[in-house]
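Asks: Sequence first, then the predicted structure, then my questions.
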Amino acid sequence: MVCGIAAVTMPKPSFSLRAEQSSALDLSADATSGLASHSRRDFVFVVNPKGANGRTGKEWKKLLPYLRTRLGGHCNICESITSGPSHAMDITREAIREGADAVIAVGGDGTLHEVVNGFFWAGNLVPSLDRRPEHSTALGLIPLGTGSDFARTFGWKNDPYEAVERIVRGFKSKLDVGIITGQSGEQHFFINVADIHLSAKAGYYASKFKRFGNLCYVFGALRAFIGHTNWDLKVKVNGGEWEVFHKVTALCIGNAKFFGGGMKITPTADPSSGNLEVVILQDFKWYDFVLKLHKLYKGTHLSERNVSSRSVKSIEVAEEMCRDDIYVQSDGEHLGFLPTKCSILPAAINFFS
Ligand SMILES: Nc1ncnc2c1ncn2[C@@H]1O[C@H](COP(=O)(O)OP(=O)(O)OP(=O)(O)O)[C@@H](O)[C@H]1O
């Protein structure tokens, strides 16, 4: 048992799920037998109240009564509001350790990214402390962000009611997770797209303009063009030889298809394929973006002369000449600068789909 039927708001990462069981619920005889702890499923909703400029928090308040009606009969609904960046990660780890059946990210791609990273600790899936070894916590998503790009791969809209119905239906599929290692050697996990150079720089600046909604991506891109140069990058695929790609504008590594608020950048990616799809844009000038933007949004850019793509299990990317200023991001979150390494963890997480 993770927490009571009543929604519980937890301002700090360390919430004792089991402690709430006895106070919030009268489990009477079952509780003493130890069976009741697993008789109702425990679903933890990790809500970023500041997502989409605060819209996530407002929508969540409206959604909660509906959620209770649809799920409350079968599950303990545990609401956990994040207090700031990275909090979703801590909440998720704690919930999994305490035996939650599902952790559901409520917010945008940044919140989902943090929840996914919370499934891991020191490179491994976080184990549950009080469940059978075969128990696994499922991941869910109520997309309520600015871009909500991950949801687009499945054709989902920012519709929280539809998302609740998916969770009620309970159908799950296995999702691959990308692993990305930054300059410091520290591992991070991504579920959507990791990208390098211009797009990552644009993402970095877009995060500063979120108050303008989806326009943040336009402002971010315009800002990123200032001082941008297409650089030669070294790429090593699947542990092979280093290969030089000249004048790289952006290199994108997709577990899923969309980034930047709806751009279908890695159109052949499939988060259940066991592969990452790499798309490299070379020697793009600013006017190429004007002329080819519609193709990037539709995902029809792979046939362009200066675009290449391939399916990989792992990829390493480094500067041909050391520069230390080539941006790297994963799932729209700034990670640092090159060099970087990515690989895939196939079928790592059960996902409500
Ligand atoms: N309570 C909080 N206050 C401020 N920032 C928060 C809080 N909780 C989480 N965050 C941060 O907000 C960032 C953005 O949130 P989120 O991704 O949910 O919304 P978004 O940026 O509007 O959507 P998208 O990423 O889909 O464009 C997250 O990366 C997270 O670190």
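Replies: All right, it came through fine.
Asks: how much space between Val46 and Glu316?
Replies: The spacing between Val46 and Glu316, counted by C-beta to C-beta, to the nearest Å, is 32 Å. (Each C-beta comes from the backbone N, C-alpha and C, glycine too.)
Asks: Revised request: answer the last question for Asn76.
Replies: When Asn76 is compared with Glu316 (using C-beta to C-beta), they lie 44 Å apart.
Asks: Between those two, which has more neighbouring residues?
Replies: Asn76 (25 against 19; other C-beta atoms under 10 Å).
Asks: To which secondary structure element is that one assigned?
Replies: For Asn76, the element it lies in under DSSP states H and E is strand 75-81.
Asks: does the ligand sit close to that strand?
Replies: No: no part of strand 75-81 sits close enough to the ligand to count as contact by C-beta under 6 Å from any ligand atom; the gap is at least 7.2 Å.
Asks: average model confidence for that strand?
Replies: The predicted model gives strand 75-81 an average pLDDT of 96.
Asks: Just checking: what are the partner strands of that strand?
Replies: Here the strand partners of strand 75-81, with direction, are listed using DSSP bridges: strand 41-47 (parallel).
Asks: burial of the residue in the stretch 251-353 of the chain positioned nearest to the ligand, as a residue count?
Replies: When distances are taken as C-beta to the nearest ligand atom, the stretch 251-353 of the chain reaches nearest to the ligand at Gly332, 5.2 Å away. Other residues lying near Gly332 total 30 when counted by other C-beta under 10 Å.
Asks: okay, now the closest residue to the ligand within the stretch 101-250 of the chain: neighbour count?
Replies: With C-beta to the nearest ligand atom as the measure, the residue in the stretch 101-250 of the chain that lies nearest the ligand is Gly108; the distance is 2.0 Å. Other residues lying near Gly108 total 28 when counted by other C-beta under 10 Å.
Asks: list the contacts for it?
Replies: Listed by C-beta atoms under 8 Å, 6 or more residues apart in numbering, the contact set of Gly108 reads Asn48, Gly51, Ala52, Thr56, Pro143, Leu144, Gly145, Thr146, Gly147, Ser148.
Asks: The third one and the ligand: what is the separation?
Replies: This points to Ala52. Taking C-beta to the nearest ligand atom, to the nearest Å as the criterion, Ala52 is separated from the ligand by 4 Å.
Asks: Need the three-state assignment for that residue.
Replies: The local conformation at Ala52, judged by DSSP: H, G, I helix; E, B strand; the rest coil, is helix.
Asks: Next up, the contacts around it.
Replies: With contact set as C-beta under 8 Å, 6+ apart, Ala52 has these partners: Gly107, Gly108, Leu144, Gly145, Thr146, Gly213.
Asks: Determine how far the last residue of stretch 224-233 lies from the first.
Replies: Taking C-alpha to C-alpha, to the nearest Å as the measure, stretch 224-233 stretches 18 Å from start to finish.
Asks: Pull out the buried residues from it.
Replies: If you call a residue buried by 16 or more other C-beta atoms under 10 Å, then stretch 224-233 has these buried ones: Ala224, His228, Asn230, Trp231, Leu233.
Asks: from the contacts of Ala52, which is closest to Thr137?
Replies: Checking these against Thr137 by C-beta to C-beta gives Gly107 as the nearest, at 18.2 Å.
Asks: was I right about the closest one contacting Asn48?
Replies: Yes: in this structure, Gly107 is within contact of Asn48 by C-beta atoms under 8 Å, at 3.6 Å.
Asks: When these two are compared, which one has more neighbours?
Replies: Applying other C-beta under 10 Å to Gly107 and Asn48 shows that Gly107 carries more neighbours, namely 31 against 28.
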